[in-house]
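*Asks:* Got a predicted model here, sequence first, then my questions.
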Amino acid sequence: MTSRITWDEASARRYERQLLRTPAPPGTPAAEVVGTLLAAHAQVLSAAELSVGLRLDGATRQDVRAALWDDRSVVKTYGPRGTIHLLASAELPFWTAALTAIPTGPSTFPPDVRMTPGQEDEVVTAIGDALDGKQLTIDELTEEVVARTGPWAGDLVMEAFQGKWPRWRQVMHRAGQSGALCFAPNRGRKATYTRPPRFEPLPADEALAMLVRHYLRAYGPANPQHFAKWADGPKSWAADLFAALASSGGIEEVDFEGAPAWVVAGDTGFPSEGVRGVRLLPYFDAYAIAAQPRERMFPGAAYQRALAGGQAGNYPVLLVDGVVAGVWHQRRQGKRTTVTVEPLGRLSGAQERELREQVDRVSEVLEAGPELVVGKVTVGPHA
């Protein structure tokens, strides 16, 4: 008999497994928390520090930085959807094999900008060789790549914010996803890059199966379309992948609010109690990014206020009872941070007290004194 799962049950399990109901105990490695999330979006590193720090009891941003730059148990690199994430270093053999096996569409660059598949492979190899045992700025890396490939790699043909970038940079994300590149500590205000310790990637089929299982354990029930959106892969590819895993007994179908969805085989236990409480989550937090369907995660006014064209993560969000119920913004000045929270509905007295506790916790992670302002957030997405 097919298990029937309600939204409240799914939300409660995601909340619990994402360490939002109860943070990991003190002393838990930051890399373990990152692995629980699968990956922590790190385009804005302070947001990733918050995502991880809020889920680790008593942690501050220094604990995340120590894992990232000191013991290297966490790496900052190009992960899902070709965007910058924190990944657990021990999971790179699975991540790199899975990410490079996700089909991509035709190049979006004009014909005179593109590289041939052979040139792309040549550049990725050159990046890995240049960064082996070194930490280079983007300009230094450009010199090394051009020296190893040819002048064509350095042609300034890519449209950029204030000029043009060299041709080779169009596959920079691919170098990260394949394990040839990751971020190193900044040199002053300049980003630097290095190569992760060498490892042997898993077979692609095994890695993709592992990725689906990890995704479903953390964010399921979900259907192939949800997974395709999260992984930035073709819907038909995701449907075939789910079908193959279901056929082999790795995942099983359930009824999720009247529609077919999937969980890891045998993973059909869900909490009996719904989600209660208030939480503040930063930009592109994994819980808000991956949870589907969007209209249930962002109900009512939240769908318009906290999403941008259906894209989650553009605003830090206020969660009330597990769903988005507002947005917020923090502005740091010296040793204090002002957190402005815009609820989309009335908060009870108990919820207001919990919100203040959340602001205190956010400030603790950021190592700043807290100030709460309840009112309109006037800045736009990504501010």
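*Replies:* On my side now, so go ahead.

*Asks:* which helix in the chain runs the most residues?
*Replies:* helix 349-366 (DSSP state H).

*Asks:* Show me what that helix is packed against.
*Replies:* Packing partners of helix 349-366 (3 or more CB pairs under 8 Å, 6 or more residues apart in numbering; DSSP states H and E): helix 45-53, strand 278-281, strand 323-333, strand 336-343, strand 369-374. Using the backbone N, CA and C atoms, a C-beta is placed for each residue, glycine as well.

*Asks:* quick one: stretch 224-236 to chain centroid distance?
*Replies:* Here the centre of stretch 224-236 is set off from its chain's centre by 15 Å, with CA atoms, centre = their mean, to the nearest Å.

*Asks:* buried stuff in that stretch?
*Replies:* For stretch 224-236, the neighbour count (16 or more other CB atoms under 10 Å) marks 224, 226-231, 233 as buried.

*Asks:* Output those in a markdown table, with pLDDT appended to each entry.
*Replies:* Listed next are those as a markdown table, based on pLDDT from 0 to 100:
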| residue | pLDDT |
| --- | --- |
| 224 | 98 |
| 226 | 96 |
| 227 | 97 |
| 228 | 96 |
| 229 | 94 |
| 230 | 94 |
| 231 | 95 |
| 233 | 96 |
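
*Asks:* Just the ones of these in helices?
*Replies:* Here DSSP H is the test, and the buried residues of stretch 224-236 give 224, 226-231 as lying in helices.

*Asks:* and the angle for the longest helix of the chain with helix 45-53?
*Replies:* 120 degrees (axes from the mean of the first three to the mean of the last three CA atoms, to 10 degrees).

*Asks:* Any buried residues in stretch 303-310, and which?
*Replies:* Buried, per 16+ other CB under 10 Å, within stretch 303-310: 305-307.

*Asks:* gap between it and the chain center?
*Replies:* Centre to centre, stretch against its chain (CA atoms, centre = their mean), the figure for stretch 303-310 is 18 Å.

*Asks:* Could you tell me the end-to-end distance of that stretch?
*Replies:* 8 Å (CA to CA, to the nearest Å).

*Asks:* Residues contacting that stretch, please?
*Replies:* 294-295, 298, 312, 314-315, 317, 324, 326-327, 342, 344, 381 (CB atoms under 8 Å, 6 or more residues apart in numbering).

*Asks:* 10 Å instead?
*Replies:* Here stretch 303-310 makes contact (CB atoms under 10 Å, 6 or more residues apart in numbering) with 229, 288, 294-298, 312-318, 324-327, 342, 344, 377, 380-382.

*Asks:* Just the buried subset of those, written out for PyMOL, thanks.
*Replies:* A single PyMOL command is used to select the members of the contacts of stretch 303-310 judged buried by 16+ other CB under 10 Å:
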select buried, resi 229+288+294+296+297+298+312+313+314+315+316+317+318+324+325+326+327+342+344+377
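
*Asks:* Report the beta-bridge partner residues of residue 5.
*Replies:* Note on residue 5: beta-bridge partners by DSSP bridges are residue 256.

*Asks:* Check what pLDDT it gets.
*Replies:* Here the pLDDT value assigned to residue 5 is 95.

*Asks:* confidence score at residue 379?
*Replies:* Note on residue 379: pLDDT of 88.

*Asks:* again but with residue 322, I slipped
*Replies:* 94.

*Asks:* so what's the residue lying closest to it once chain neighbours are set aside up against?
*Replies:* If the residues on either side of it in the chain are set aside, residue 322 comes closest to residue 275, at 3.1 Å by CB to CB, 6 or more residues apart in numbering. By CB under 10 Å, 6+ apart, the contact list for residue 275 reads 8, 11-16, 20-21, 319-323.

*Asks:* when you check those against the strands, which ones overlap?
*Replies:* Secondary structure of these is defined by DSSP state E; positions in strands are 319-320, 323.

*Asks:* For the stretch 151-300 of the chain, just list every one of the strands.
*Replies:* 156-160, 163-166, 182-187, 190-194, 251-256, 259-264, 278-281 (DSSP state E, counting those that start in this stretch).

*Asks:* residues near residue 13, how many?
*Replies:* When neighbours are counted by other CB atoms under 10 Å, residue 13 registers 23.

*Asks:* for the one 5 residues further on, same thing?
*Replies:* Residue 18 is surrounded by 24 other residues when neighbours are defined as other CB under 10 Å.

*Asks:* Check it and give its pLDDT.
*Replies:* 95.

*Asks:* got a list of what it touches?
*Replies:* Going by CB under 10 Å, 6+ apart, residue 18 touches 33, 36-38, 51, 55, 218-219, 279, 281, 285-288, 290-291.

*Asks:* okay, which residue is most central for this protein?
*Replies:* Centroid-nearest residue in the chain: residue 41, 3.2 Å away (criterion: CA atoms, centre = their mean).

*Asks:* Just to check, that one is in contact with residue 78?
*Replies:* No: between residue 41 and residue 78 there is no contact under CB atoms under 10 Å: 11.5 Å.

*Asks:* Not counting sequence-adjacent ones, nearest residue to residue 138?
*Replies:* residue 191 (6.8 Å).

*Asks:* okay, now that neighbour: neighbour count?
*Replies:* 13.

*Asks:* Could you check how far it is from residue 47?
*Replies:* From residue 191 across to residue 47, the span is 16 Å (CB to CB, to the nearest Å).

*Asks:* What of residue 8?
*Replies:* The gap separating residue 8 from residue 47 is 28 Å, by CB to CB.

*Asks:* repeat for residue 283
*Replies:* Noted for residue 283: a distance of 4 Å to residue 47, by CB to CB.

*Asks:* ditto for residue 88
*Replies:* On the measure of CB to CB, residue 88 and residue 47 end up 18 Å apart.

*Asks:* Neighbour count for these two, which is higher?
*Replies:* Using other CB under 10 Å, the more surrounded residue of residue 88 and residue 47 is residue 88, with 24 against 19.

*Asks:* follow-up on the earlier one: buried set for the longest helix of the chain?
*Replies:* Residues 351-352, 354-356, 358-359, 361-366 are the ones in helix 349-366 that count as buried (16+ other CB under 10 Å).
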